[in-house]
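Q: next input, structure requested:
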Amino acid sequence: MNTRFKLWRRHLAWALPTAILLAGCNGGEVGKPPQPHAIATYTSASWEALPTVSDDDLLAGFGSWRSACTRLKADPVWGPTCATAANVPLTALDVRSFLKEHLDVYGLRSASGSSNGLITGYYEPVYPGSLTQTQAASVPVYGVPEDMIIVALDSLYPELKGKRLRGRLEGRVLKPYDDAATIETKGVKAPVIAWLTDPMNLQFLQIQGSGRIQLEDGRQLRIGYADQNGHPYRPIGRWLVDQGELKKEDVTMGTIAAWARANPNRIPELLGSNPSYVFFNRNPDSNEGPRGSLNVPLTSGYSVAVDRKVIPLGSLLWLSTTRPDGSSLIRPVAAQDTGGAIAGEVRADLFWGTGDAAGQLAGDMKQQGQIWMLWPKGATLPKVPEVTDSK
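A: Numbering: from 1, shown residues only. Prediction:
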């Protein structure tokens, strides 16, 4: 996205990060009891250790981060730094001086000690649709259901911060809310924001977490993530691989869309393999980017979605990776969004913008990269959750 589901994210114009489409796991060493360990570590580094960025990228990345300071004024970590940043002139010399004076550098490493991780991309798609149901536009885009109950678990259990249950009351019993397959076949008690022409476009919208609907009269309706049905996200690309329909290395939004066009009768089966379902709301139409989880407009090329268990929203990061064509991509980026498929230690999803060209870049983006976190001097580092590997 509160764009994506921040379980979400993210939808294409003809391609999508394979990372959102595939998953993996590890096992423990036999004979030793499982030991808890942090899912990531922060390693102190020097400013001289950072790869060099151009002045243009430096200013654009700093500007993207500073634009989110309106949401961080009351934040105990970032509030004071943001207050100072507001008065920094946008020159490379002044920005570099500010960063070095107020922020320390920490390299992000996985639990195994690796500094390399997966960097993917996402974007804001534009799909044809209508405000009324027509023969061509018959796929509903639902708002939040009237009968969905949300329980914030951290109100009782602080250790479950950010965890929520979603369900429906049946008598006095709270039952899990309907999965995607049930919603697709039976509908849901929810407002219909718009109608799309293709069920695959709705699925891609749910993955991206936000998008625009091109109406018949030339206007565009902007929509964004509002909530989700509480079921886990299962990559539809992974299902196609498991079914023997695609090879793992061939999974992109383009190949998924092509498979759907060639197998229209199996689309319900494909969509039903992902039980998660995203509900949307209307967003103000503007020339700014869509709003992410931090509720600030995303900046093309300089906003990223992260796993907030590892990287707090609002953080300023230093990203070193490559574009799909192999050329270098080094710049400061702002952690302003989240996504259900964006999980892991060294992990980021780079926002590429709106429309088909951005979708092509996002869909082809599946690169290795490194991330450094720039953290306010003297502030306590984030507490990273611990996990215990299974045997």
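
Q: find the nearest non-adjacent residue to G167, please.
A: Computed as C-beta to C-beta, 6 or more residues apart in numbering, the closest residue to G167 that is not its neighbour in sequence is L174, at 4.4 Å. Backbone N, C-alpha and C define where each C-beta goes, glycine included.

Q: what residues does the helix or strand that contains the one you found touch?
A: Element membership of L174 [criterion: DSSP states H and E] is strand 173-176. Applying C-beta atoms under 8 Å, 6 or more residues apart in numbering, the contact partners of strand 173-176 are 149, 151, 165-169, 230-231.

Q: quick check: buried residues in that strand?
A: Within strand 173-176, no residue is scored as buried using 16 or more other C-beta atoms under 10 Å.

Q: which element follows it toward the C-terminus?
A: Following strand 173-176 toward the C-terminus (DSSP H and E): helix 180-186.

Q: so which bits of that next one are buried?
A: Buried residues in helix 180-186, counted by 16+ other C-beta under 10 Å: 180-184.

Q: is it possible to get a markdown table of these that adds pLDDT and distance to Q370?
A: Putting the buried residues of helix 180-186 into a markdown table (pLDDT from 0 to 100; distance: C-beta to C-beta, whole Å) gives the following:
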| residue | pLDDT | distance to Q370 |
| --- | --- | --- |
| A180 | 96 | 35 |
| A181 | 96 | 40 |
| T182 | 96 | 42 |
| I183 | 96 | 40 |
| E184 | 94 | 40 |
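
Q: from the chain's centre, how far out does stretch 284-304 sit?
A: 12 Å (C-alpha atoms, centre = their mean, to the nearest Å).

Q: pLDDT averaged over that stretch - what is it?
A: Stretch 284-304 shows a mean pLDDT of 89.

Q: give me the distance between the two termini of that stretch.
A: The first and last residues of stretch 284-304 sit 21 Å apart, counting by C-alpha to C-alpha, to the nearest Å.

Q: can you pull out the helices in the protein?
A: Using DSSP state H, the helices assigned to the chain run over residues 55-67, 79-85, 92-102, 180-186, 199-208, 236-242, 253-262, 267-272, 356-364.

Q: P297: which of those is closest?
A: helix 55-67 (7.2 Å; C-beta to C-beta).

Q: now do that closest one, average pLDDT.
A: On average, helix 55-67 scores 97.

Q: that older thread, if I look at the residue nearest to G167, how far off is Y277?
A: Separation of L174 from Y277 (C-beta to C-beta, to the nearest Å): 18 Å.

Q: excluding its backbone neighbours, what's nearest G63?
A: L90 (6.7 Å).

Q: surely the one you found touches L59?
A: Yes. Judged on C-beta atoms under 8 Å, L90 makes contact with L59 at a distance of 5.6 Å.

Q: looking at these two, which one has more neighbours?
A: Applying other C-beta atoms under 10 Å to L90 and L59 shows that L59 carries more neighbours, namely 18 against 12.

Q: can you give me the pLDDT of the residue nearest to the spatial centre of the chain?
A: Central residue of the chain (C-alpha atoms, centre = their mean): G339, 3.0 Å from the mean position. Note on G339: pLDDT of 79.
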